[in-house]
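In: Sequence and computational prediction follow.
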Amino acid sequence: MNALARLIPHPSMEAAYFLHRQPRLLHWRYLPFHALLLLAALWALIPFGLKITEGYTRLLGAITVVVYAARLGIILRTLVLSARVMAHETTSESWRTGLNARQIVRRAWWSVLRRVWGWHMLVGLLNLGLALGLAQHIFDTAQRWLCGSPFTFVCYPMPLTTPPAPIPDPSLSAIMVALVIVLGFGLLEAALVPALGILGALIAECRRVSPVFMVIIVYGLVAFWAISVAIYISHYTAWRLIEAQYAYVYSYNSNAWMYASMLGSGAAGVVTLADGGTLIAANTLRLYGATDFNHVRTLVRVAIGIGCYIGVILISLRLAQSIAVRSGAARPVRRPLRERFAWMVSPVARAQAQTLRELLHQNRWPRVILWGLFTLALIMAWMGRWVYPDCTRGPLLRVMAGAVYGFYAIVVLRTLVIATRCFRREHEEPDAWDVLLLTGVNSRQLILGKWWAALREVWGYHVMAAFLKLGLAYGVAQYLFDAPTEVPPTALERAFYYLKYNFGPYGCSTSYGYIYHNYVPISLWAVVRAGVVLGAFGLIEAALLCAIGLISALIIKKNSAFQLGLAVFLRFVPITLCVVFLQLSLHQREILEGRMGWFSPTPVNETHTWLRALDTVQTAASTVADGGLAVANLMRWGRSYYYVRQLLALGIGLVLYVVLTYMFLRGAQWIARRRGALPP
């Protein structure tokens, strides 16, 4: 950072001061604009108390026009404000001296965003009322079609043979979910519009045209692209549905149905750039409490919409920076990728790796004993490959689990011992810590270098433990194909069982409340997927244990036994919190009933939706205790959208490990700075 940039503690201060000198964006003297907002708010509230009538379609069209007129007015004012801010930046002294192009563009974008985000959130509230009206209209149209035609994938309109069902009022939970969706997309739109406005203003500066005209053109091109892509995807989706019209009604596994559903989700996600999430909110209100597949499609739509917004924002800001550099702004300084990860090959990391290698290779017997225990545990862990562990062989599964987690406990202790020995020389030799600090190494390089050296020494042991867990997961998956429904909450296979219901060609239900499944061979591809999941959790857990060992060695200086005890205690803290959460949030009977309703032809109660979400969170939280054994439940036969929920649990579990590792590493850096290390 140059001298002039250091004089400005907040880069957006100058642009914010310029905004305060401008006339208020939404001052009360703009009476027609505020009258339009008030009219849009009143009209958006109409669907909350109005029932479907013959003239409802015309009324819904009028509501749409008024709401989108108010939304367009806010967008235009945001674009005009962005153009004014960028025009001021191009004429100021910071354009050619001081700040670089990245800082100029980002501070202008942030200054506009701080002023206009509230009005775009108001647009989100207007979209909620419009979404409620659309949801009622969609439900009524679907009822009129389905009551006069057979239930196929393509329903042709026919005269009504039965009266349509009454339109249910959306519950408070459904409205809250839709509110979160529209407010989130409103905030994303508040970030997108200033980015497009700044890009258009810079293009206008280069081409010597009107900035306001250019920013409107840029925003119009993005909206036109979003609508065009959505229409094309919807057209292709319709043809896929026509191809699947002769399929069975419950044949969700058909490729045409799955492709068409996912493409429809993609169209709804892309069109959020133009409608601000109204269509997704309307489908959420209409399908809330329905099957898992509908909720998965909603998640896919939201994810695609968020990805489109973030992608367009980043592209716009990067293009604006490039144009600013061509116009004379300073080029931002980029650090090479090698410098960003220099701590991996720093002198601290190399010296610590050499020290650990010499220390661990002094005696070969611990490694020989460890490999012997691994061989015995390997035979027991993969016993399910040769002996089928059905419901009559429950003790065999417990023996397998004992062998696997016994070896896993040894690996955990060895990892903690190696990590705590990283500061052994600094604690035992006099003045070794002071000599290390005199080399000029900062706290970040010191902690990350030693952490990386320890991780390089222990990652292989955790891969071995993950291979044993894969064998245990293989046996548990086979066991659950023949297990009854009444699995106690304390059973090892609880997390597997809650995601297990495999009705269809391989299973049947009985009148006694038990569900049995015939033997279904587990494919090699499913085993590979589960192995990748367990391997990923094994490596990230090794990183967490190394971070715990480092912070324990910094807290307690000399006593190795106390260091190991503190490290074990810190590792058991998240495990204890996980177990407490699982016990307090366990609703076995309700979740089982919700799973039964999953395959019913009628929508289930929305309470089961929250229980299924709780089930996914429970499975993700259990990774802190079992190292990913429950999340590796990808080997059982299931529906395609079932894996989406498993991937969601996998992502949450990985995020938990990353957050814990980051917290312990930051804590170790803070302790090192307290002991005299330089700040990064």
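Out: That came through fine.

In: Residues contacting stretch 316-327 from elsewhere in the structure, which ones?
Out: Here stretch 316-327 makes contact (Cβ atoms under 8 Å, 6 or more residues apart in numbering) with 90, 95, 101-102, 104-106, 109, 192, 195-196, 198-199, 202-203, 205-206, 331-332. Placement of C-beta: from N, CA and C, glycine included.

In: So among those residues, which ones count as buried?
Out: 90, 95, 101-102, 104-106, 109, 192, 195-196, 198-199, 202-203, 205 (16 or more other Cβ atoms under 10 Å).

In: now, the most widely separated pair of the residues you listed?
Out: Farthest apart among the buried ones among the contacts of stretch 316-327 by Cβ to Cβ are 95 and 192. That separation is 24.3 Å.

In: for this protein, longest helix please?
Out: Scanning the chain for the helix with the most residues, using DSSP state H, yields helix 101-146.

In: Downstream of it, the next helix or strand is which one?
Out: Using DSSP states H and E, the helix or strand that follows helix 101-146 in sequence is helix 172-207.

In: looking only at pLDDT, what's the mean for that following helix?
Out: Averaging pLDDT along helix 172-207 yields 83.

In: Show me which residues of that helix are buried.
Out: Buried, per 16+ other Cβ under 10 Å, within helix 172-207: 174-175, 177-179, 181-205.

In: got the angle between that helix and helix 101-146?
Out: 140 degrees (axes from the mean of the first three to the mean of the last three Cα atoms, to 10 degrees).

In: what's helix 172-207 packed up against?
Out: Under the contact criterion of 3 or more Cβ pairs under 8 Å, 6 or more residues apart in numbering; DSSP states H and E, helix 172-207 touches helix 56-91, helix 101-146, helix 211-243, helix 278-287, helix 292-326, helix 606-621.

In: what's the angle between it and helix 292-326?
Out: Using the same axes, to 10 degrees: helix 172-207 against helix 292-326 is 20 degrees.

In: So what touches the helix or strand harbouring residue 370?
Out: According to DSSP H and E, residue 370 maps onto helix 365-381. The contact list for helix 365-381 (Cβ under 8 Å, 6+ apart) reads 399-400, 403-404, 406-407, 410, 414, 461, 464, 467-472, 475.

In: In ChimeraX, how would I select just the buried ones from those?
Out: Restricted to buried positions by 16+ other Cβ under 10 Å, the ChimeraX selection for these reads:
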select :400,403,404,407,410,414,461,464,467,468,469,470,471,472,475
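
In: so of the contacts of helix 365-381, which ones are in helices?
Out: Judged by DSSP H, helices contain the following of those: 399-400, 403-404, 406-407, 410, 414, 461, 464, 467-472, 475.

In: can you list the domains in the chain?
Out: As assigned by automatic domain parsing, the chain contains the domains 10-331, 344-674.

In: ranking those by mean pLDDT, which is last?
Out: When I compare those, domain 10-331 is least confident, with a mean of 67.

In: count of residues packed around residue 379?
Out: 12 (other Cβ atoms under 10 Å).

In: what's residue 362 sitting at in phi/psi?
Out: phi -70, psi -40 (degrees, to the nearest 10).

In: what do you get for residue 276?
Out: Phi and psi for residue 276, reported as degrees, to the nearest 10, are phi 70, psi 30.

In: if I pick it, what's in contact with it?
Out: So residue 276 contacts 71, 123, 124, 127, 182, 185, 186, 189 (Cβ under 8 Å, 6+ apart).

In: quick check, nearest of these to residue 524?
Out: Residue 524 has its nearest neighbour among these in residue 185, at 41.9 Å by Cβ to Cβ.

In: residue contacts, the residue nearest to the closest one when sequence neighbours are not counted?
Out: Once flanking residues are discounted, residue 185 sits nearest to residue 277: 3.3 Å by Cβ to Cβ, 6 or more residues apart in numbering. Neighbour list for residue 277: 124, 127, 181, 182, 184, 185, 186, 305 [criterion: Cβ under 8 Å, 6+ apart].
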